[in-house]
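Engineer: Fold the following for me, if possible:
(one chain, ligands or ions: 1)
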Amino acid sequence: MANQPCTCVADFNMKLREHNTLIVETIGIPRDGSPTFTRPTIRTQKIESRKRLGPAIAMPTFCPFCGNAYEAQPSQPAIAEAPQYLIWSNEHRCWWAPNQRGYTQSIDRAGRYTRDEAIGIAGTARGGWEVASNPSEIAIPEADAIDQAGHCGRLQAYADRLAARQEGGAA
Ligand SMILES: [Zn+2]
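Structural biologist: A predicted model of the protein is given here:
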């Protein structure tokens with residue numbers, strides 16, 4: 001496989017096989033379209049389990065068996081989760097709550113949806129968008145919503161969380 005400079009994992013798996021054991025691997029999907037690759041999995045876990053964010057994926061840049069660098073330059077780590085979206089309801093003047101169950105005024109408690117979900121909901125709820133009238137529901141990327149809300153100076157915690165995500169995502 002491309003981007004796989006050594007066969008250590010495969011070799012070890014051969015030895016582990018008789019012990020009914022297999023090394024857990026993580027599949028990387030580079031965002032620049034270069035070939036997918038696998039790396040021995042580094043286990044990660046959330047620090048604060050109540051937070052929606054995390055855990056991020058940690059990808060090794062060197063083979064833990066032979067010590068060879070996987071790549072001259074570490075690629076962008078694969079992103080475990082796609083960008084998340086919020087849905088604003090003009091009708092209710094609230095955010096959609098998680099799982100399409102109710103509404104909330106708190107951006108913190110708003111539901112997080114995939115882009116497809118959010119646009120599907122916003123584009124079809126209450127008849128969808130109509131020309132020359134305010135859209136009933138609007139899908140907006142979580143990060144954009146938080147940046148805009150942040151200008152009111154009310155959601156510093158969110159900015160911190162975003163920064164933590166960026167740091168965590170680059171691990
Ligand atoms: Zn190796």
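Engineer: who touches Trp88 in this structure?
Structural biologist: With contacts defined as C-beta atoms under 8 Å, 6 or more residues apart in numbering, Trp88 is in contact with Cys94, Trp95, Trp96, Glu137, Ile138, Ile140, Ala145. Using the backbone N, CA and C atoms, a C-beta is placed for each residue, glycine as well.
Engineer: So which of these wins on neighbours?
Structural biologist: Trp96 (26 neighbours; other C-beta atoms under 10 Å).
Engineer: Could you double-check that that one lies in contact with Ile121?
Structural biologist: Yes. Using C-beta atoms under 8 Å as the test, Trp96 is close enough to Ile121 to be in contact (7.2 Å).
Engineer: Show me which residues of this protein sit near the ion.
Structural biologist: Proximity of the chain to the ion (C-beta under 5 Å from the ion) is limited to residues Cys6, Cys8, Cys63, Phe65, Cys66.
Engineer: Next, count neighbours for Gln84.
Structural biologist: In terms of burial, Gln84 registers 19 neighbours under the definition other C-beta under 10 Å.
Engineer: quick revisit: shared neighbours, Trp96 and Ile121?
Structural biologist: What both Trp96 and Ile121 touch, as defined by C-beta under 8 Å, 6+ apart, is the set Ile87, Tyr113, Glu137.
Engineer: what separates Asn134 from Tyr113, distance-wise?
Structural biologist: As judged by C-beta to C-beta, to the nearest Å, Asn134 and Tyr113 stand 21 Å apart.
Engineer: what about the two, which has more around it?
Structural biologist: Ranked by neighbour count (other C-beta under 10 Å), Asn134 and Tyr113 place Tyr113 first, with 22 against 9.
Engineer: ok, now which ones touch that one?
Structural biologist: With contacts defined as C-beta under 8 Å, 6+ apart, Tyr113 is in contact with Gln84, Tyr85, Leu86, Ile87, Trp96, Ile121, Ala139.
Engineer: again, 6 Å this time
Structural biologist: Under the criterion of C-beta atoms under 6 Å, 6 or more residues apart in numbering, the neighbours of Tyr113 are Tyr85.
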